[in-house]
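> Have a look at this prediction, sequence included:
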Amino acid sequence: MTVSEKSLANAIRALSMDAVQAANSGHPGMPMGMADVATVLFKDYLKFDPSQPKWADRDRFVLSAGHGSMLIYSLLHLTGYARPTMDDIRNFRQLHSPCAGHPENFELAGVEATTGPLGSGLATAVGMAIAERHLNAQFGDGLVDHRTWVIAGDGCLMEGINHEAIGLAGHLNLGRLIVLWDDNKITIDGAVDLSSSEDVRARYVATGWHVVSCDGHDVADVRRAIDEALADPRPSLIACATKIGYGSPNKAGTSGVHGSALGTDEVAAAREFLGWSAEPFVIPEDVASAWKTIGGKGASVRADWEGRSASDSNSAEFARRMAGELPADFSLDAYIDSLIASPQKVATRKASELTLGAINALLPETLGGSADLTGSNNTKTKQTGPLTRDDYAGRYVYYGIREFGMACAMNGMALHGGVIPYGGTFLVFSDYMRGGIRLAALQQQRVIHVLTHDSIGLGEDGPTHQPIEHVMSLRMIPNLDVYRPADIVETAECWELALRDATGPSVLALTRQNLPQLRTEKSENLSARGGYRLRAAAAERKVVLVATGSEVEIAVDTAKLLEAQGIGADVVSMPSWAHFEAQPQSYKDDLLPHHVLRASIEAGTTFGWERYTGIAGLRFGIDSFGASAPAEALYDHFGLTAAKIAPRIIAALNA
């Protein structure tokens, strides 16, 4: 007997109710409300194969409304993914279960992106759709021909990042992107109209999207809407009118089913309403078999793709890029040798541009961009023509003034695979994109942020644009490498380190002002150590000066003044705290011995530098906001000159 689509959807509802009830924590309403839509999507449209969950040409499915995580956990289990098992689902939201409160890409194959912060999943999907079109333009339909699907809720569409994301998607005409909106008119606080009266559909139309509506509980109407979306060349929003918590006779359609378990009595009542007689965490054999058949349909499609791939002359290069592997012969050694041979004084933002010229010639997978600061961030090179709706093969995205949207889109590109995204803005605007940077770190994705104008050295733009706490606050994010290079050589070294790390994002904090080339002798990649002795004391060592970025030059000049008075001073350049912390303790103790005075110099907050100076050490920095003036005047005003630092060190030594 054929299993009805309503029974297939009720399996999702039952698992969602049971898991949330067992955990006494979670959001059953969205999975129950969107179960019919999800059933149609997975049964009739989504291209996937649970036996090969990382198949390169699969459709990408992003559950942007990540609070409804039991929807995707149920679907993955029912369609035959190795995990989650039923035991995993029984342990929903418990320690060590892959069924976390919100979907995590590193916990389960089939979860394409970590979602939870509302709107970020949809913005990530925009990046996936860009990557798909870009790779399609480079490799053709035979290797790349898939769609990106999103289930989003009201919260995803309210968050500000939604405006950024859909504007970019509409501008680029990403017609392979389809968003299924759970239009249930309920938020945690209550009805949507408590806080919003906007015309969401009109907003999407205004940004260049195709919009269609359907009854989310009528599977035939859902199909009609999806078919209409597939036929339209624009990105599509499908407004699925649903009842949150559908099946719960007393709580459906209310905020009471949004963020808490239904309760034992209501779960029983819902079972009766749905005609679901199976015990908790039990799926009737016929329903389970029908779902497994749905999951098995993609195997032949995947096998056909593999057959085409085997005979495609570009398949090896495509496989390399999708695996995230750099070419075996990739190296910046020759470029760095040229810098040693011909030293130059440039801002590190310019040094980054020069390095990118070498990188982009060697790595066709780099995909750059800027949030409307291309000329300031220096992120565009001659190899990177614009990526547009008319030419997706371009290697440079003009993101517009959309910092958060850019960060999440780059996350989506990295998650999709096949490209290495980098994008630029001012360091101070990392505040706008912090959520995206954090998500890249959490998801272990190689995304490179080129953050320029990294200190008061940007000068006259003043306090609103001058970073103070930003570098230190970014250093606090787990699995984020923050690099602040001191010259053109360190900039090249830090770029190479960022490219070689496929397990997390990087920030390159770069100057507006010119810096002298301090490294003039060939060596290993010293930046890989995180910190290294740039200058050794000539006289008996009394102090170690630790500095980063533009302040390394100041440390060198300070050491010269101290040495002139017979005070030996080491200069340590520390472009990366994270890499320094990874060194053996013996190396760290040798570089920063406890028996001498240690002083840090960085044009930002002194908070945190106690780690390396000790409480008794000195910390030269800025613990206030900046000011509007030329850079030289600002450094003097804040005491960040050799002439002002040296006397304070001498006084401390004589105290």
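Looks like it arrived, so ask away. Numbers count the residues shown, from 1 in each chain.
> Now do the contacts for the spatially most central residue of the chain.
Per Cα atoms, centre = their mean, the C-alpha nearest to the average position across the chain is that of residue 440, at 2.8 Å. By Cβ atoms under 8 Å, 6 or more residues apart in numbering, the contact set of residue 440 is 407, 410-411, 414, 447, 480, 504-505. Bear in mind the C-beta positions are built from the backbone N, C-alpha and C, glycine included.
> do the same with residue 268
If a contact means Cβ under 8 Å, 6+ apart, then residue 268 has no contacts.
> Now do the same for it: helix, strand or coil?
Recorded secondary structure, residue 268: helix (DSSP: H, G, I helix; E, B strand; the rest coil).
> Could you report the distance from the residue nearest to the centre of the chain to residue 453?
21 Å (Cβ to Cβ, to the nearest Å).
> coming back round to it: JSON lines for the contacts of residue 440, including pLDDT, secondary structure and neighbour count?
Shown next, in JSON lines, are these (pLDDT from 0 to 100; DSSP: H, G, I helix; E, B strand; the rest coil; neighbours: other Cβ atoms under 10 Å):
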{"residue": "407", "pLDDT": "98", "secondary structure": "helix", "neighbour count": "33"}
{"residue": "410", "pLDDT": "99", "secondary structure": "helix", "neighbour count": "35"}
{"residue": "411", "pLDDT": "98", "secondary structure": "helix", "neighbour count": "30"}
{"residue": "414", "pLDDT": "99", "secondary structure": "helix", "neighbour count": "27"}
{"residue": "447", "pLDDT": "99", "secondary structure": "coil", "neighbour count": "30"}
{"residue": "480", "pLDDT": "98", "secondary structure": "coil", "neighbour count": "20"}
{"residue": "504", "pLDDT": "98", "secondary structure": "coil", "neighbour count": "20"}
{"residue": "505", "pLDDT": "98", "secondary structure": "coil", "neighbour count": "30"}
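> Is residue 8 part of a helix or strand, or is it coil?
Per three-state DSSP, the secondary structure class of residue 8 is helix.
> Just give the number of residues close to the residue lying closest to it once chain neighbours are set aside.
Computed as Cβ to Cβ, 6 or more residues apart in numbering, the closest residue to residue 8 that is not its neighbour in sequence is residue 39, at 4.9 Å. Residue 39 has 24 neighbours, counted by other Cβ atoms under 10 Å.
> With residue 273 instead?
A count of nearby residues for residue 273, using other Cβ under 10 Å, gives 15.
> Where does it sit, in terms of helix or strand?
Assigned by DSSP states H and E, residue 273 belongs to helix 264-274.
> can you pull out the helices in the stretch 301-450 of the chain?
With helices called from DSSP state H, counting those that start in this stretch, the stretch 301-450 of the chain shows them at 315-323, 333-341, 348-362, 374-377, 403-416, 430-443.
> Would you check how far apart residue 498 and residue 382 are?
21 Å.
> So which of these two has more stuff around it?
Neighbour count, other Cβ under 10 Å: between residue 498 and residue 382, residue 498 has more, with 24 against 8.
> Apart from its chain neighbours, what residue comes closest to the more buried one?
Closest to residue 498 by Cβ to Cβ, 6+ apart is residue 506, at 3.7 Å.
> Would you mind confirming that that neighbour is in contact with residue 484?
No - counting by Cβ atoms under 8 Å, residue 506 does not reach residue 484; the two are 11.5 Å apart.
> what about those two, which has more around it?
Neighbours per residue (other Cβ under 10 Å) separate residue 506 from residue 484, with residue 484 holding more: 34 against 25.
> hmm, back to that, as JSON lines, the contacts of residue 440 with distance to residue 578 would be great.
Formatted as JSON lines, the contacts of residue 440 follow (distance: Cβ to Cβ, whole Å):
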{"residue": "407", "distance to residue 578": "19"}
{"residue": "410", "distance to residue 578": "20"}
{"residue": "411", "distance to residue 578": "20"}
{"residue": "414", "distance to residue 578": "19"}
{"residue": "447", "distance to residue 578": "16"}
{"residue": "480", "distance to residue 578": "8"}
{"residue": "504", "distance to residue 578": "9"}
{"residue": "505", "distance to residue 578": "12"}
